[in-house]
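Participant: Okay, sequence plus prediction incoming.
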Amino acid sequence: MVIREKFSVPKRFNTVAITLMVIGLLAIIGLYATQGSKSDAHSQARFWGSLLQNSVYFLLVVNAAMFFICATTLAWGGWQMSFRRVSEAISACVPVVGTICGVILLLICFGGNHEIYHWTDTEHVKHDAILNFKKGFLNKNFFAVMTVLTIVAWSLLGRKMRKLSQETDAKPLTIAEGKKYIWKNTVWAAVYIIVFSLTVMSSIPWLWLMSIDAHWYSTMYSWYTFASTFVAGVALITLFVIYLKNNNYLELTNEEHLHDLGKFMFAFSIFWTYLWFSQFMLIWYANIPEETTYFKPRAQGMYSGIFWLMFIINFLAPLLIFMSRDAKRNYATLTFMSLLIIFGHWLDFFQMVFPGHQKEHVPMILWDFGVALGFVGLIMFLTARSLSKTPLIAKNHPFMKESVIHHT
Amino acid sequence: MAVKKFITGSFYDEEVLFPAVKKVRRAGYKIHDVFTPFPIHGLDKAMGLRDTSLHTAGFIYGITGTATAVGFITWALTVDWQINFGGKPFFSLPAWIPITFELTVLFAAVGMVLTFCYLCQLAPFVKKDHFNLRSTDDTFLMALECTDTTNEADAISFLQSIGGVDVGVQYKETGWWLGRYDKDTKRFEKKVETAQ
């Protein structure tokens, strides 16, 4: 079998990516002109909220690709090796998207607009018993330090994992070298997982998203955010794998691997529902006013349409469509479901960010969708660029054969 | 129950077994089954077996569990014995989801295990008779079913030519459930073909 190692980005692909980025830029400019440039803090928050939702969502999604690599590396899994370079290329977006996200977060934190993060208003915090109690965690300096540290750590550790992967491209390893190489990979993957669990799985969603509703808290929130972005991250990997397969790349990846990616999406959609529902049910059951304030606008108020649409897209559709074996091996179903899942979890982030400060009415979601398209274009462009830089197959990796003969 | 005639051959290696299965199918012999001590990936495909319907059965059991749970709790808590839990409405669906989920899993799991046992004809006190006991330990065994048109000598030499060892003719009772594995069967007894 002839293996095409070199991916050259088709012109049309880049045209689409750049068009999407232009649409995103136009949406940002339009949103700034209609909302962000107004003098009242409430309209400005509408503009910044859109940037916050999209940048955080897409940063966590591309970062989930690196989590996927590290989790499978740590488990000494071999099946993902045939398309591992695809998830590596997606994770290479982290430094760029992370910088954008970090700048937006710091601007919201220090920009003097207290609508989104009202704990940044130090005068207000003095008279607010709950926020005063939380100020050891919710204060500007801690927020800034955590944000910067987190994004830098993700970028550097991700870079280290990619560099390790490219080490083997030059020449085959002996058995002793291979053992050492796997061990080194395992150690670095473990370091990444520890950083990941201290950030995405615990503190970062509290700081970036949950602090919009600063009076309210939920310890399940981070897990639920993680489940959301991980399932979307796997969907993104699947989309790129299918795109490359359709363009006659990735000869060693076949429907067995896609079947497993489909299983991941199926399983983590249900995992997401489990956390989403558990968070809801405990609050619903206890029925304490300071806790139910979070769900009042979302499940019963203006945002209830999005809330139930999300339930259909993120739970019922994956459950029923992905249940059969054939659906998980079918390119068309996989593509459709991946797009649907990415959109559905984007909606999830929409209703995490906006009800906290846009209480009167649901903002025009098409603007946010435009901004999202911009980020999609950026991710497409960056991923394709880093895909074309390295060989598509890590052919000398010790686990490569395990992936070639993989069978579900 | 009908006693049928089989040509059986053992194989020691997957790399011999897979091409053998392909050649046997191409030659037009009817494979009764291939017995292996552990699951071999891809063998079902090579033998041309259809996908199992066990998962469809599992889905139906699961749906039954969901319906049972929701139906029973609804009846019990809204019609038969209404209880006021902290001022919640009698029909409080969120509180019932965990039980519904658990009954779905329970019905699906138990139903699928029983169905699996039924399909494999496994039950307590059912004696299993083997073509070759080593097929539960370290060899693979392929059994060809003899039909009207099968030439016994040809089939034996064919099986030997594609790598089969210990090739021979065996008579086994087929059919369903208890009848299949006759308790009175003596392993080394020479049996007579009684029916086709």
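Facilitator: Yep, that arrived. Numbering: from 1, shown residues only, chains lettered A, B, ... in the order given.
Participant: In this structure A:Leu207 contacts A:Lys140, no?
Facilitator: No. The pair A:Leu207 / A:Lys140 is not scored as a contact, 11.0 Å apart, by Cβ atoms under 8 Å. Placement of C-beta: from N, CA and C, glycine included.
Participant: Which one of those two is surrounded by more residues?
Facilitator: Shown here are A:Leu207 and A:Lys140; by other Cβ atoms under 10 Å in any protein chain shown, A:Leu207 has more neighbours (20 against 14).
Participant: What residues does that one make contact with?
Facilitator: Shown in contact with A:Leu207 (Cβ atoms under 8 Å, 6 or more residues apart in numbering or on different chains): A:138, A:143, A:146-147.
Participant: From those, pick the one nearest chain B.
Facilitator: A:Leu138 (30.1 Å; Cβ to the nearest Cβ).
Participant: Quickly note the distance from the closest one to A:Phe226.
Facilitator: According to Cβ to Cβ, to the nearest Å, A:Leu138 and A:Phe226 sit 21 Å apart.
Participant: Confirm B:Ile7 sits in a strand?
Facilitator: Yes. Looking at B:Ile7 with DSSP: H, G, I helix; E, B strand; the rest coil, it is inside a strand.
Participant: more neighbours, A:Leu138 and A:Phe226?
Facilitator: Using other Cβ under 10 Å as the criterion, A:Leu138 and A:Phe226 rank with A:Phe226 on top: 25 against 21.
Participant: can you pull the contacts of that one?
Facilitator: So A:Phe226 contacts A:200-201, A:205 (Cβ under 8 Å, 6+ apart).
Participant: let's see 10 Å
Facilitator: Counting by Cβ atoms under 10 Å, 6 or more residues apart in numbering or on different chains, A:Phe226 touches A:60, A:64, A:67, A:196-197, A:199-202, A:204-205, A:268, A:271-272, A:275.
Participant: same check, this time on A:Val56
Facilitator: For A:Val56, the contact set (Cβ under 10 Å, 6+ apart) comprises A:97, A:101, A:104-105, A:204-205, A:208-209, A:225, A:229, A:349, A:352-353.
Participant: list the buried ones in the helix or strand hosting it?
Facilitator: If you go by DSSP states H and E, A:Val56 is part of helix A:41-74. Buried residues in helix A:41-74, counting neighbours by 16 or more other Cβ atoms under 10 Å in any protein chain shown, are found at A:44-74.
Participant: interface residues of chain B facing chain A?
Facilitator: B:40-42, B:45, B:51, B:55-56, B:58-59, B:62, B:85-88, B:92, B:94-95, B:97-98, B:101 (Cβ under 10 Å from any Cβ of the partner chain).
Participant: Out of the contacts of A:Val56, the closest to B:Pro19 would be?
Facilitator: Using Cβ to Cβ, the shortest approach to B:Pro19 within those belongs to A:Thr229, at 46.8 Å.
Participant: How much space separates the residue nearest to the closest one when sequence neighbours are not counted from A:Leu31?
Facilitator: In this structure, A:Thr229 finds its nearest non-sequential neighbour in A:Leu60, 3.8 Å apart by Cβ to Cβ, 6 or more residues apart in numbering or on different chains. In this structure, A:Leu60 and A:Leu31 are 22 Å apart, going by Cβ to Cβ.
Participant: any chance of the contacts of A:Leu207 in CSV, plus pLDDT and secondary structure?
Facilitator: Converted to CSV, those look like this (pLDDT from 0 to 100; DSSP: H, G, I helix; E, B strand; the rest coil):
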residue, pLDDT, secondary structure
A:Leu138, 89, coil
A:Phe143, 93, helix
A:Met146, 93, helix
A:Thr147, 94, helix
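Participant: Identify the farthest-apart pair in the residues you listed.
Facilitator: The distance between the two most remote of these (Cβ to Cβ) is 12.9 Å, for A:Leu138 and A:Thr147.
Participant: circling back to that earlier point, give the residues shared as contacts by A:Leu207 and A:Lys140.
Facilitator: With Cβ under 10 Å, 6+ apart as the test, A:Leu207 and A:Lys140 both reach A:109, A:117.
Participant: Kindly report the residues of chain A close to chain B.
Facilitator: Residues of chain A lying near chain B (Cβ under 10 Å from any Cβ): A:256, A:274, A:277-278, A:280-287, A:320, A:323-326, A:405-408.
Participant: If we use 6 Å, what do you get?
Facilitator: For chain A, the residues in contact with chain B (Cβ under 6 Å from any Cβ of the partner chain) are A:281, A:284, A:407.
Participant: just the buried members of these?
Facilitator: Buried residues within the residues of chain A next to chain B, counting neighbours by 16+ other Cβ under 10 Å: A:Trp284.
Participant: Out of the residues of chain A next to chain B, which comes closest to B:Thr68?
Facilitator: Distance to B:Thr68 across those (Cβ to Cβ) is lowest for A:Met281, with 20.8 Å.
Participant: can I assume that closest one is in contact with B:Ala95?
Facilitator: No. Judged on Cβ atoms under 6 Å, A:Met281 makes no contact with B:Ala95 at a distance of 7.3 Å.
Participant: tell me the domain ranges of chain B?
Facilitator: Chain B breaks down into these domains under automatic domain parsing: B:3-51+B:127-180, B:54-120.
Participant: out of those, nearest to A:Thr219?
Facilitator: domain B:54-120 (18.7 Å).
Participant: Distance from that closest one to the middle of the chain?
Facilitator: 28 Å (Cα atoms, centre = their mean, to the nearest Å).
Participant: next one: stretch B:49-64
Facilitator: On Cα atoms, centre = their mean, the centre of stretch B:49-64 falls 13 Å from that of its chain.
Participant: tell me the centre residue of chain B?
Facilitator: The residue lying closest to the centre of chain B (Cα atoms, centre = their mean) is B:Cys120, at 3.5 Å.
Participant: Can you check the pLDDT for that one?
Facilitator: Looking at B:Cys120, its pLDDT reads 80.
Participant: helices and strands around the longest helix seen in chain B, which ones?
Facilitator: Criterion DSSP state H: the longest helix present in chain B is helix B:93-120. Using 3 or more Cβ pairs under 6 Å, 6 or more residues apart in numbering or on different chains; DSSP states H and E, the elements in contact with helix B:93-120 are helix B:54-74.
Participant: Give me the phi and psi for residue 139.
Facilitator: Picked chain A for this. phi -140, psi 160 (degrees, to the nearest 10).
Participant: meant chain B, my bad for not saying
Facilitator: Taking degrees, to the nearest 10 as the convention, B:Thr139 sits at phi -130, psi 160.
Participant: pretty sure it contacts B:Ser10?
Facilitator: Yes. Between B:Thr139 and B:Ser10 there is a contact under Cβ under 6 Å: 4.5 Å.
Participant: Please list all residues in contact with A:Met400.
Facilitator: Neighbouring residues of A:Met400 by Cβ atoms under 6 Å, 6 or more residues apart in numbering or on different chains: A:Met81.
Participant: Kindly apply the preceding question to A:Ile69 instead.
Facilitator: Contacts of A:Ile69 (Cβ under 6 Å, 6+ apart): A:Ser87.
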